[in-house]
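Asks: Have a look; sequence and predicted model below, questions after that.
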Amino acid sequence: MSTGEFLRRFRTVLAAVWLLPMAVSLFFVATVNNCTLTNVVLSAPTLLVLFTVVTMVIGCYALDDYMKSAVRLSNARDRASLADAERKVSRFPFLFGAVFCFYAVLSPIVATLNLSMVGYGPVTISVLQFALICALPTTALIALTALYVFSDLVGRYFGPRGLRTHFLSLRIKVMTLGIVMPLIVDTVLVLYFGRRDGSVTSETFLVWAGLLAITIPVTYVVQASFSRSFDPLQSLRAQALEMLDQPDRMIEPVPVSLDEFGDVTRDWASLTRRIVQYARELRSTSMQYEAMINAIEEAIAIIDEEAQILFLGPSFAEWLPDETEAFIGQSLLDLVHEDDRENFALLGKEALASENERPEGQIRLRHRDGTYHKVFSSWRRITLTCGTEAIFLTLKDVSYELRAQERMRAGEIRLRTMMETVADGILSIDDQGTIQMVNPAAADLFGYERDELVGSAANLLLSPTLSWPGAGRKQGDAVSAIIPASNLHVESLVAKGAHEMKAQRKNKSVLPIEIVVTEMRIAEERFFVAIVRDISERKRVEVELRKALEDAEAANRTKSLFLANMSHELRTPLNAVIGFSEVMKGEMFGPINNERYADYIGNIHDSSRHLLSVINDILDISRIESGELDMEEEWVPLSDILGWAKERAVSAASGPHANVSLHLDASLPDIYVDCRAMRQVVLNLLSNALKFTPADGAITIQAYRDAVAGMAIEVLDTGIGIPTGQIDKMMQPFTQSDNSLARRFEGTGLGLAITKSLVEAHQGRLVIDSTEGVGTKVTVHLAEARVAKAQTARLPASLTA
């Protein structure tokens with residue numbers, strides 16, 4: 001039944017029912033007052049028409065709108081809307097009864113008032129009582145009959161839409177009314193004839209009330225008799241509905257009546273228990289199958305002959321952009337690469353051809369990210385419960401495995417290429433001491449063909465006459481067991497890393513090798529990989545280096561002996577020359593009358609002292625380079641060292657020289673140094689400053705605690721400076737920043753080299769910062785450990801001014 005047809009029938013029945021109470025009321029009122037129904041209607045139609053129309057518009061509109069809202073909810077088809085529609089339909093009889101009863105009570109009163117208005121007599125209590133007594137039972141019958149019709153109409157429309165309409169109780173009431181109706185009719189007849197004869201009294205009214213009261217227990221008994229048979233069925237129905245949400249719930253026994261309803265109840269209880277048992281078994285089986293399907297890693301699908309999707313497993317979700325349910329009914333070919341669709345169709349036909357066939361093949365399937373992956377497909381024909389043949393399809397993504405295999409294959413190729421091209425020999429040996437694999441370099445190294453070595457014992461390559469390091473056995477015996485795990489020599493060899501040994505070639509010649517043995521495991525297999533390198537050339541170079549070292553040591557000893565001899569042979573005559581020149585220069589045995597001879601004597605004296613200084617520098621640098629520098633370290637006041645160096649440098653300077661100033665803090669601590677070596681460091685720096693600073697320049701000596709190092713000693717001058725690129729060169733022996741300087745300023749170029757070596761011997765640093773044409777700053781940094789914690793407050797008297 002369509003919605004339009006249902007609403008049309010509903011409105012027709014509602015309008016017909018709505019006119020009956022007023023018609024019945026007019027009939028009984030006209031009869032009581034001895035007039036025809038036509039006269040009553042035509043005498044005063046305004047009140048009757050107005051009342052009927054107003055009540056019909058209000059009541060019918062309200063009931064019609066209520067039913068239309070239930071229809072809208074039922075058409076929505078969702079669970080919540082259907083539940084709301086069901087509640088509205090179940091409440092309709094009560095709403096209709098309340099509205100209709102109110103209208104039915106007013107109808108006889110309005111009809112009686114209408115007659116009084118046209119002169120048929122005053123409205124008395126007796127007239128109203130008669131109108132109510134006569135009209136109401138008939139109106140109640142009309143209402144119940146209308147509900148009976150409504151129940152049939154509502155059931156036909158809402159039943160197919162999934163709504164449950166409980167109108168059976170209303171039909172039982174209609175049946176009950178049919179039983180008690182004779183009593184009501186008899187009562188109406190008694191009152192009618194009594195009114196006609198004028199014998200209606202209070203006693204007559206009480207008789208009517210008593211007869212009417214008898215209908216109440218009769219109605220209850222009839223209703224109870226139906227309920228006794230119907231309620232167990234309702235209870236069983238409620239339990240069955242609850243078991244839909246609680247499958248493990250047990251059905252409680254219900255009382256059964258000895259009538260047709262009882263038979264239905266017993267049969268339904270038996271069927272319900274069977275259905276519940278089947279439902280539990282089905283639920284258990286479904287859970288098992290669901291667990292099995294969820295546990296399958298491969299994507300599974302059931303398709304028909306046209307590749308339409310009938311079922312998709314949970315693992316198929318990773319291939320689809322949306323939920324799997326959205327693809328039911330679509331073609332699986334949409335996911336297959338267009339170049340593989342023909343192969344896909346052939347596999348499907350082959351699977352459908354025979355139930356015993358299990359065709360397999362690779363196809364490309366579109367992933368949810370839009371890329372195509374290679375999958376391994378397995379096909380099997382199945383028969384569905386409806387008898388239709390379908391295909392059970394299993395898909396496994398093998399793109400990652402194929403890529404892994406390709407990478408493994410490429411890795412094997414790279415490894416094989418490395419094995420073939422590497423210069424070192426590589427051998428693989430199993431735990432029984434048998435060579436499993438060798439590369440060409442190993443075969444060439446030992447003079448064998450590769451096939452000759454594979455399968456041979458490892459001790460074939462080791463010289464049997466050479467002792468194994470640290471073991472009282474032959475090397476061949478030790479390495480013949482390169483492999484039992486309990487062999488401590490092998491374990492130690494594995495732990496040692498690179499190890500030198502001697503091996504034997506095929507022609508029995510012996511060669512030195514360097515071997516690295518590594519223990520490896522693949523699954524349960526244990527084996528060893530040995531990397532062998534021919535070190536014959538290295539041994540030859542080592543021998544040559546050892547001989548060169550011995551020669552160098554011998555030459556160094558010869559040099560030291562030569563320097564010692566030179567020191568003795570040169571210093572002895574030089575000391576005599578210096579001594580006699582000083583005697584002659586001082587005219588100790590008489591005056592020298594010739595001034596030219598006096599100049600010559602002075603030149604002899606200065607040149608001799610300069611030559612002695614050069615010899616001392618050469619000897620010093622020789623001792624430093626040979627590591628024979630002896631140092632006597634002690635705690636020395638820094639002020640003593642700096643003061644001594646200043647006085648010595650200034651007194652040794654000849655002719656006009658730059659001004660030398662010393663800036664010291666009286667609280668500077670002592671330093672732990674070799675006093676003679678540190679004096680020589682400061683003296684060399686001051687001598688260089690005086691040598692390369694003009695007479696109008698300035699030289700400053702200062703010392704201070706360094707935040708990074710322990711102590712810093714600085715010598716600053718305003719001399720000619722050093723080019724930045726020449727500073728490192730100046731640290732090398734016999735080097736000056738410019739060869740022209742060697743001609744302008746005398747010196748061997750050993751001063752800074754000796755100074756740097758002496759500073760480093762004290763674990764210090766020598767830093768030079770110079771700008772050409774501006775000046776130079778030389779800083780000596782001494783470590784914190786060489787600076788005393790306690791401060792001293794002594795300063796030479798000559799420096800306190």
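Replies: Received, thanks. Residues are numbered from 1 along each chain as shown.
Asks: Please tell me how far residue 301 sits from residue 354.
Replies: 20 Å (CB to CB, to the nearest Å). In this view, the C-beta of every residue, glycine as well, is placed from N, C-alpha and C.
Asks: Compare the two (neighbour count), which wins?
Replies: Higher neighbour count among residue 301 and residue 354: residue 301, with 24 against 10, using other CB atoms under 10 Å.
Asks: ok, residues contacting the helix or strand encompassing the more buried one?
Replies: Here residue 301 sits within strand 299-303, counting by DSSP states H and E. For strand 299-303, the surrounding residues in contact (CB atoms under 8 Å, 6 or more residues apart in numbering) are 293, 309-313, 315-316, 318-319, 332, 348, 375, 382, 390-397.
Asks: same check, this time on stretch 505-524
Replies: 445-448, 463, 466, 482, 490, 493-494, 497-504, 526-536, 539.
Asks: can you check stretch 379-387 too?
Replies: With contacts defined as CB under 8 Å, 6+ apart, stretch 379-387 is touched by 302, 310, 347-348, 350-352, 354-355, 357-360, 389-393.
Asks: and the residue nearest to residue 629 when sequence neighbours are not counted, how many residues sit next to it?
Replies: Take residue 629 and drop its neighbours on the chain: the residue closest to it by CB to CB, 6 or more residues apart in numbering is residue 623, 5.1 Å away. Residue 623 has 16 neighbours, counted by other CB under 10 Å.
Asks: One more: residue 104?
Replies: Look at residue 104: counted by other CB under 10 Å, it has 23 neighbours.
Asks: Can you show me the CA trace of stretch 693-706 as PDB?
Replies: C-alpha atoms of stretch 693-706 as PDB (Å, rounded to 0.1, in the frame of the first residue of the first chain):
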ATOM      1  CA  THR A 693     114.600  46.900  16.100                       C
ATOM      2  CA  PRO A 694     116.100  50.300  15.200                       C
ATOM      3  CA  ALA A 695     117.700  52.500  17.800                       C
ATOM      4  CA  ASP A 696     114.700  54.800  18.000                       C
ATOM      5  CA  GLY A 697     112.400  51.800  18.600                       C
ATOM      6  CA  ALA A 698     111.100  50.300  21.800                       C
ATOM      7  CA  ILE A 699     111.200  46.800  23.300                       C
ATOM      8  CA  THR A 700     108.900  45.700  26.100                       C
ATOM      9  CA  ILE A 701     109.100  42.600  28.300                       C
ATOM     10  CA  GLN A 702     106.000  41.700  30.400                       C
ATOM     11  CA  ALA A 703     104.500  38.600  32.200                       C
ATOM     12  CA  TYR A 704     101.000  37.900  33.500                       C
ATOM     13  CA  ARG A 705      98.800  35.100  34.600                       C
ATOM     14  CA  ASP A 706      96.900  33.600  31.500                       C
END
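Asks: Could I get the buried residue list for that stretch?
Replies: 693, 697, 698, 699, 700, 701, 702, 703, 706 (16 or more other CB atoms under 10 Å).
Asks: what's the most distant pair in those residues?
Replies: The span of those, defined through CB to CB, is set by 697 and 706 at 26.2 Å.
Asks: Would you quantify the distance from residue 702 to residue 713?
Replies: For residue 702, the distance to residue 713 - CB to CB - is 8 Å.
Asks: the longest helix in this protein is where?
Replies: helix 536-585 (DSSP state H).
Asks: For it, name the packing helices and strands.
Replies: Other elements packing on helix 536-585 under the criterion 3 or more CB pairs under 8 Å, 6 or more residues apart in numbering; DSSP states H and E are strand 510-522, helix 595-625.
Asks: Domains in this protein, by residue range?
Replies: 1-164, 296-404, 422-534, 631-799 (automatic domain parsing).
Asks: For those, could you give me JSON lines that also reports mean pLDDT?
Replies: Converted to JSON lines, the domains of the chain look like this (pLDDT from 0 to 100):
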{"stretch": "domain 1-164", "mean pLDDT": "71"}
{"stretch": "domain 296-404", "mean pLDDT": "81"}
{"stretch": "domain 422-534", "mean pLDDT": "72"}
{"stretch": "domain 631-799", "mean pLDDT": "81"}
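Asks: Take those domains and lay them out in a markdown table including distance to residue 616.
Replies: Output for the domains of the chain, formatted as a markdown table (distance: least, CB to CB, whole Å):
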| stretch | distance to residue 616 |
| --- | --- |
| domain 1-164 | 112 |
| domain 296-404 | 77 |
| domain 422-534 | 48 |
| domain 631-799 | 10 |
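Asks: thinking again about what came up before, okay, the residue nearest to residue 629: pLDDT?
Replies: The score at residue 623 is 70. That number is its pLDDT.
Asks: That one and residue 13: what is the separation?
Replies: Note on residue 623: its distance to residue 13, by CB to CB, is 135 Å.
Asks: How about residue 548?
Replies: To residue 13, residue 548 is 129 Å away according to CB to CB.
Asks: Between the two, tell me which one has more neighbours.
Replies: Here residue 548 and residue 13 are compared on neighbour count by other CB under 10 Å; more neighbours surround residue 13, at 14 against 11.
Asks: Tally up the residues packed near the closest residue to the more buried one other than its chain neighbours, please.
Replies: Closest residue in space to residue 13, ignoring its immediate chain neighbours: residue 149 at 5.6 Å, by CB to CB, 6+ apart. Here the number of neighbours of residue 149 (other CB under 10 Å) works out to 15.
Asks: just checking, residue 149 is part of a helix?
Replies: Yes - counting by DSSP: H, G, I helix; E, B strand; the rest coil, residue 149 falls inside a helix.
Asks: looking at it, it is touching residue 12, isn't it?
Replies: No - taking CB atoms under 8 Å as the definition, residue 149 is not a contact partner of residue 12, at 10.3 Å.
Asks: hmm, back to that, any idea of the angle the longest helix of the chain forms with strand 510-522?
Replies: 120 degrees (axes from the mean of the first three to the mean of the last three CA atoms, to 10 degrees).
Asks: Run the angle between helix 536-585 and helix 595-625 for me.
Replies: Angle, helix 536-585 to helix 595-625, by the same axes, to 10 degrees: 150 degrees.
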